[in-house]
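In: Predicted model and sequence follow; I will ask about them next.
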Number of protein chains: 2
Amino acid sequence: MLNPTHDPARRSWVESANRPEAAFPIQNLPYGVFSVGDGSRRVGVAIGEMILDLAVLEEAGLLPPAAGPRVFDQPDINAFMARGPQAWQAMRARIAGLLDAAGSPLRDDPALRGRAMVPQHAARMHLPIAVRGFTDFYASKDHATNVGSLFRDPKNALTANWLHIPIGYNGRASSVVVSGTDIRRPLGQIKPPEAEAPVLAACRRLDFELEIGAIVGVPSAMGTPVTTAQAYDMIFGYVLLNDWSARDIQQWEYVPLGPFQSKAFATTISPWVVTSEALEPFRVGTPPRVTPLLPYLAEATPNNFDIRLEVAMRPTGVAEETAISHTNFRHMYYSAAQQLTHHAIGGCPMNVGDLLGSGTISGPTPDSLGSLLEMTRNGAQPLTLHGGGRRGFIEDGDEIIMRGWCEGAGYRIGFGEARGRILPAPRG
Amino acid sequence: MLNPTHDPARRSWVESANRPEAAFPIQNLPYGVFSVGDGSRRVGVAIGEMILDLAVLEEAGLLPPAAGPRVFDQPDINAFMARGPQAWQAMRARIAGLLDAAGSPLRDDPALRGRAMVPQHAARMHLPIAVRGFTDFYASKDHATNVGSLFRDPKNALTANWLHIPIGYNGRASSVVVSGTDIRRPLGQIKPPEAEAPVLAACRRLDFELEIGAIVGVPSAMGTPVTTAQAYDMIFGYVLLNDWSARDIQQWEYVPLGPFQSKAFATTISPWVVTSEALEPFRVGTPPRVTPLLPYLAEATPNNFDIRLEVAMRPTGVAEETAISHTNFRHMYYSAAQQLTHHAIGGCPMNVGDLLGSGTISGPTPDSLGSLLEMTRNGAQPLTLHGGGRRGFIEDGDEIIMRGWCEGAGYRIGFGEARGRILPAPRG
């Protein structure tokens, strides 16, 4: 039986949600945190060009459950996520009903509608989750191969473990910021190959990494592994993620304990969390296995998603963006469910609000790469941008914009944008 | 002028605090979180064999400031830490005054004393901080040299960056637990050198790592580096830390992005946070530099500490512990202040409740090593324990106990213990 929240024919009384190219139709209903003016942060759902203020609806008693502590008059969605998958499903069904063109108590109550509907252009978006842990993976075979070829050995580009382990490392949660936050170029230790000793300097090889972030909504207990099916169900939703990277700092620091300051200065995520339930119609399997995986990583269902992704770049003072990549999340060799299962296999407890970065999403073709490192061959083959600028890496004032969407039958499940602009480094 | 809280001659009316070997004399006053029976968690200070319940004193209006939100009727010390260094100093002076043998309103009020003094044996200790981020460093030159010799090249045991960078990586905050918590042996991917492919199995080379954890009490802003002097003052206090490690899992997973599941299953810390102020009389400089550090890591003051450390091991059913290491924190090549400065150099924001592990503390002699990996040469030279057991690595039921103290003139600043016992792995 079709889940009515996936019905492609369903329409909203919010007209801007019904355009074929709209990012936020009634089939999407992503959660975010916003404020208006000096008002407090609250949880809303994007619908067309509007935000539905869930704190207002909760106060009005229109949302399930009728009683209980409030979860939407909050600075993040963690309290709502902690209610668990049944509550997520009930809420999505209810919100879809309230926004349905066929009529609803919200549509038919102008006073309530006036308080509950906020134009997106009038709202400020905030980080949607309180990030408990941030883990970053490395799940694109094309990306791992490209990076291994550049920095290690083209003949053995993949390390021996890569086809067996969803390789990942712990990132820094404190520097995860919402789209639109300016990013300061980091200082760090850099040692040019020809130099005797390192210097402290502003990063000269600043890069982005196009990723999707999975948000954990169901915790796991310490000492307790989870299956891939359980892991899939533990994920509340997904966001776009830019894992800003300082390549020169990374190259000098990363042996033997992995990336640290080269990745710790900033990670940008999009403000709207697209739920796993909204993505359900777009599930696809991972690519064929090169070698068999260990049974604990096997998947009985397709746990990846067909998400189209774009990256654009725009220097300061240039009006027009330059599209520099078109790729798809479906290329990822490991699903988020496999990554989460591996994360918990040793007994590591997972928390509501954990963020798992997919790793850079690169496709098999030169126009589908997820980082400048790969596009420019470590700066050797600069890109030419609209306005005439040439870029091996990111310069001060440049803005990076990531977008994503699933293409449905006459509608889109949009992720919106993850954008960030680079400010000059502090004085060293 | 001598800070009166450091006066070696000062005595408490709590008699058990005045014994020369007492871990918690009036000169120490470490903070912890405890509960009694089914009662709620609250913040206390250890004094001799007792705990001073700060929530009771706060409610009675005996602690500065007289007004303001309460910080001790809390499940962690983060709210108190967030008040900042001046409040920490004022609180320490006031608590010392309340415990002073020369008399105090607490000593002289039997009813209040009865409510505020709790025997340690009647209390349950909890994790003292809400761990925001956990970062683990690698600051012992002896340890890094020993590990590099075992796993890489004895002639080039230290990586090229080690003498320039306080090498560190992000650890997993969710699995930091308090002393006394049983630890489940992790499952994980292991690939014996002779095998074609990895297997999923219980760790066979389970190890501890003796460390000191520094707790950040003053935040820093994103994009803003801090000096080593500022970093020293940002650290509220220190704990013992056991960075449990699965050597076989680590060996297969750690290239190229560093340790992940091999370290994520558990980290044990001691329950009492010894403040930087209590450690002030025990400041020592770091060892001589092999090569000059970059100026941002220079220290104008001695920022390391003279802390004596011991590790003991005890199999199930054996009454007597076996002491297996005696070492000192003063051997560390990088201070916690240098590590924190490096952590923030790229602009990574630091939070109240961040925990920085020092890295394994190994001294220059065979009896001063901080891990079984080094003591047994990766299992090749097993230890013999009281009761006759031989150990290359940790077996199920074994308990590891870490202790530490500073030796003052007639008194000790004790850290108490970080202990943990290994339970069998879950079924794979």
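Out: That came through fine. Owing to the predicted nature of the structure, the values given are computational and were not obtained by experimental measurement. Residues are numbered from 1 along each chain as shown, chains lettered A, B, ... in the order given.

In: For the rest of this, base every contact and every neighbour count on C-alpha atoms.
Out: Fine.

In: Break down the stretch 301-428 of chain A into its helices, ranges please.
Out: Per DSSP state H, counting those that start in this stretch, the stretch 301-428 of chain A carries helices over the ranges A:336-344, A:372-375.

In: ok, and the helix or strand in chain A with the lowest average confidence?
Out: Lowest on mean pLDDT, DSSP states H and E among the helices and strands of chain A sits helix A:141-151, with a mean of 93.

In: Who are the packing partners of it?
Out: The contact analysis (3 or more Cα pairs under 8 Å, 6 or more residues apart in numbering or on different chains; DSSP states H and E) places helix A:141-151 against helix A:372-375.

In: export the helix it packs on as CSV, just CAs?
Out: Only the C-alpha atoms of helix A:372-375 are listed here, as CSV (Å, rounded to 0.1, in the frame of the first residue of the first chain):
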residue,chain,number,x,y,z
LEU,A,372,39.0,20.7,-6.1
LEU,A,373,41.9,18.4,-5.2
GLU,A,374,40.6,16.0,-7.8
MET,A,375,39.2,18.5,-10.3
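
In: which strands and helices sit next to it?
Out: Here helix A:372-375 touches helix A:141-151, going by 3+ Cα pairs under 8 Å, 6+ apart.

In: Okay, buried residues for the helix it packs on please.
Out: Buried residues in helix A:141-151, counting neighbours by 16 or more other Cα atoms under 10 Å in any protein chain shown, are found at A:141-148.

In: Mind jotting down where the helices sit in the stretch 101-250 of chain A?
Out: Assigned by DSSP H, counting those that start in this stretch, the stretch 101-250 of chain A shows helices spanning A:110-116, A:141-151, A:228-234, A:247-253.

In: roughly how far is the longest helix along chain A from the heart of the chain?
Out: Secondary structure of chain A per DSSP state H: the longest helix is helix A:85-99. Relative to the centre of its chain, helix A:85-99 is centred 22 Å away, using Cα atoms, centre = their mean, to the nearest Å.

In: Equivalent analysis for stretch A:363-373, please.
Out: The chain centre lies 18 Å from the centre of stretch A:363-373; the measure is Cα atoms, centre = their mean.

In: re earlier: okay if I get the buried residues of helix A:141-151 as CSV plus distance to residue B:24?
Out: Listed next are those as CSV, based on distance: Cα to Cα, whole Å:
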residue, distance to residue B:24
A:141, 55
A:142, 57
A:143, 54
A:144, 52
A:145, 56
A:146, 57
A:147, 53
A:148, 53
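
In: Please tell me how far residue A:92 sits from chain B.
Out: Remark: distance between residue A:92 and chain B (Cα to the nearest Cα, to the nearest Å) = 30 Å.

In: Let me fix that, I meant to ask about residue A:77.
Out: Using Cα to the nearest Cα, we find residue A:77 at a distance of 18 Å from chain B.

In: Kindly state the pLDDT recorded for the closest residue to that residue other than its chain neighbours?
Out: Leaving aside its chain neighbours, residue A:77 sits nearest to residue A:129 (5.5 Å; criterion: Cα to Cα, 6 or more residues apart in numbering or on different chains). Residue A:129 carries a pLDDT value of 98.

In: Same question for residue A:428.
Out: Note for residue A:428: predicted pLDDT of 62.

In: for residue A:406, same thing?
Out: Residue A:406 is assigned a pLDDT of 98 by the prediction.

In: who in the stretch 51-200 of chain A is up against chain B?
Out: Residues of the stretch 51-200 of chain A lying close to chain B (Cα under 8 Å from any Cα of the partner chain) are A:132-133, A:159, A:161, A:164-165, A:167-175, A:183-189, A:198-200.

In: rerun at 6 Å
Out: The stretch 51-200 of chain A has residues A:169-171, A:184, A:186-188 near chain B, with proximity defined as Cα under 6 Å from any Cα of the partner chain.

In: could you dump the residues you listed to JSON lines with distance to residue B:380 and pLDDT?
Out: Converted to JSON lines, those look like this (distance: Cα to Cα, whole Å; pLDDT from 0 to 100):
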{"residue": "A:169", "distance to residue B:380": "30", "pLDDT": "98"}
{"residue": "A:170", "distance to residue B:380": "31", "pLDDT": "98"}
{"residue": "A:171", "distance to residue B:380": "34", "pLDDT": "98"}
{"residue": "A:184", "distance to residue B:380": "49", "pLDDT": "98"}
{"residue": "A:186", "distance to residue B:380": "44", "pLDDT": "98"}
{"residue": "A:187", "distance to residue B:380": "43", "pLDDT": "98"}
{"residue": "A:188", "distance to residue B:380": "40", "pLDDT": "98"}
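
In: which pair in these spans the largest distance?
Out: Farthest pair in those (Cα to Cα) is A:169 and A:184. Separation: 23.3 Å.

In: what about those two, which has more around it?
Out: Each of residue A:169 and residue A:184 has its neighbours counted (other Cα atoms under 10 Å in any protein chain shown); residue A:169 has more, 29 against 20.

In: what's the span of stretch A:122-135 from first residue to last?
Out: 33 Å (Cα to Cα, to the nearest Å).

In: hmm, who's touching it?
Out: A:32-36, A:76-77, A:169-173, A:178, A:271, A:353-356 (Cα atoms under 6 Å, 6 or more residues apart in numbering or on different chains).

In: Can you tell me which of these end up in strands?
Out: The strands, defined by DSSP state E, take in A:32-35, A:169-170, A:178, A:355-356 from the contacts of stretch A:122-135.
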